[in-house]
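[1] what's the 3D shape of this:
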Amino acid sequence: MPHYVTGPVLIAGLALAAAAVSAVPMTAAGASPARPARPARPASLLTIGGSLRGVAATSAGNAWAVGAVGSLTARTLIVHWNGKAWARVPSPSPGNSGLYGVAATSATNAWAVGTTGTSGSRPLILHWNGKTWARVASPGPANSSLYGVAATSATNAWAVGDAGSTTLILHWNGKSWARVTSPRGFLSGVAATSARNVWAVGASNTSHTLILHWNGKSWKRSPSPSARPHFFPFLTSVAATSARRTWAVGDSTDCGCGPGLSMTLRWTGRAWKKVPSPSPGGGTTLFGVAAVSASRAWAVGMSGEGDSLTKTVILRWNGRAWARVASPEPRASSGLFAVAITAGGRAWAVGSSTNKNRGQDQTLILQWNGTSWK
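    Model prediction:
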C-alpha cells in the first residue's frame, strides 16, 4: 500500500485509495452576443490520476487544491482555479510523496504540506511565491508527517501532524520553519485567525479527542467533550472565524475502523460544546470544515459502513443547526476530504470518487453556486 494513504487521518477513507483523478468541469460564463444563446458548456475538463485532500481559496478567482497521483509510487498533485478553469500546476515531488493540506493568504503566498519517503516518512513543505512551487526545508524526525497547515501572513504559518506517538507542530516566522514543543498524540488539522489565536485538533494516545490552543506564547491543551463509552473519537479538521467562533469536526466509532457517528464541536469563547449533526447512511465521518461567519459554515465527508459503497456528505450550518445538503454522486463510491469558503460565499469541496468496474479513483471537485452543489 502506498505510504500516501496510510495516515490515521484517512481511517475512513482507505477505500478511496489515491489512484486516478478527474475534476468536475466548471461552467462557462455565457454565449457570444453575436450568436443565439445556447446552453453553457464545460470551460475545462481536467483528467489526472490521483486524489485531492486539501483546498484553500482567497477569492472567487484564486483557489488551490492538493493531493497525490499514482498508486505504487505517489507524486504530489496541485491544481489551481483562476476564476474560469482548473489547471494542474507543476510541483516538486521527491520520492514517494503526497500532499494533505494547503493554505493561502494571497495570490503570491500559499503553503502545501504532506509527506515524502519510500522507507519511512519525512515532512514535506512546499511554498508558492506567485510564480512557482518550491520545496522548503522542514524539520522533523524520521517517520513523521504533516496533515494540516494554516497561515495568517507571509511571516506567520503553522503546520501540524505526527511524529510517531508525539504530535508534530512547526512554525514559520518568515525565514524558516522550526519545531515547537507539543504533547503526545496525533494532529490532523489547524486553523488560525491571528498570531495569538491558533487551534490544532486530532486525537490523543488514550483514545480521546485532542484540542490545542496557541495564545501567542505557548500551546495549551483545551478540555473537549468526550465521546460515548467504548467509542473512539477523532477530530479531523478545525475552522476559526474569530477568537470566539471556532468549529472542529470528525467522528466517533465503536471499532475505530470506519465511519461512525459524525461529530461537531463548537467553541463558545469559554468552552467546547457538542452540537448535534446528521449521520446519514449508517455511519458518517466528517473530514473538512470551513466557516466565514456565525451563521455560515460547511462540513464535508463521507457516509457508509463496513464494505458498503461510500457517498459524499455535505452539512450546512445556518446559525441554529446542522442540516444535510444534497451533493452530487458522480461515481460508484465517493468521498469529500476538504472544503473552503471565500468571503463572498463561494465554496469548494474536494475529494475522490471510485470507478467500481476499473477499481480506479478520480479527483472530485464540487462548487457551491449559491443554491446548490455542482
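[2] Local confidence estimate at Gly344?
    At Gly344, the pLDDT value in this model is 86.
[3] Can you name the residues that contact it?
    Going by Cβ atoms under 8 Å, 6 or more residues apart in numbering, Gly344 touches Ser59, Ala60. No exception for glycine: its C-beta is placed from N, CA and C like everyone else's.
[4] Would you mind measuring from it to Thr108?
    Distance of Gly344 to Thr108, computed by Cβ to Cβ, to the nearest Å: 20 Å.
[5] Low-confidence stretches in the stretch 101-250 of the chain?
    Scanning the stretch 101-250 of the chain for pLDDT under 70 picks out 227-231.
[6] show me where it has strands.
    109-116, 122-128, 133-135, 144-153, 156-163, 166-172, 177-180, 186-194, 197-203, 209-214, 219-221, 232-242, 245-253 (DSSP state E, counting those that start in this stretch).
[7] What residues sit buried inside the longest one?
    If I follow you right, that is strand 232-242. Buried residues in strand 232-242, counted by 16 or more other Cβ atoms under 10 Å: Phe232, Pro233, Phe234, Leu235, Thr236, Ser237, Val238, Ala239, Ala240, Thr241.
[8] Correct me if wrong: the first one contacts Ser207.
    If I follow you right, that is Phe232. Yes - assessed by Cβ atoms under 8 Å, Phe232 is found in contact with Ser207 at 4.9 Å.
[9] on that earlier part again, quick one: which of the strands of the stretch 101-250 of the chain is nearest Thr284?
    strand 245-253 (6.7 Å; Cβ to Cβ).
[10] Give the partner strands of that closest one in its sheet and their orientations.
    Sheet pairing of strand 245-253 (DSSP bridges) gives strand 232-242 (antiparallel), strand 261-267 (antiparallel).
[11] Now tabulate these in CSV and tack on distance to Gly61.
    Shown next, in CSV, are these (distance: least, Cβ to Cβ, whole Å):
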stretch, distance to Gly61
strand 232-242, 22
strand 261-267, 31
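[12] Show me the one of those that comes nearest Leu315.
    Among the strands paired with strand 245-253, the nearest to Leu315 by Cβ to Cβ is strand 261-267 (7.4 Å).
[13] Name the residues of the helix or strand that that closest one is followed by that come out as buried.
    Following strand 261-267 in sequence order, the next helix or strand is strand 272-275 (DSSP states H and E). Buried residues in strand 272-275, counted by 16+ other Cβ under 10 Å: Trp272.
[14] Spatially nearest residue to Thr118, not counting backbone neighbours?
    Among residues not flanking Thr118 along the chain, Asn96 sits closest, at 4.7 Å (Cβ to Cβ, 6 or more residues apart in numbering).
[15] I'd guessed that neighbour sits against Val69; true?
    No - using Cβ under 8 Å, Asn96 makes no contact with Val69, being 11.7 Å away.
[16] ok now do the closest residue to Val198 other than its chain neighbours, which residues does it touch?
    Nearest residue to Val198, sequence neighbours excluded (Cβ to Cβ, 6+ apart): Trp214, at 3.8 Å. Contacts for Trp214 were tallied using Cβ under 8 Å, 6+ apart; they are Trp158, Ala192, Arg196, Asn197, Val198, Trp199, Ala200.
[17] where's Trp214 relative to Trp272, distance?
    Plainly put, Trp214 is 16 Å away from Trp272 if you go by Cβ to Cβ.
[18] Surely Thr118 and Ser97 touch.
    No - counting by Cβ under 8 Å, Thr118 stays clear of Ser97, with 9.6 Å between them.
[19] Relative to Ala192, how far out is Asn129?
    20 Å.
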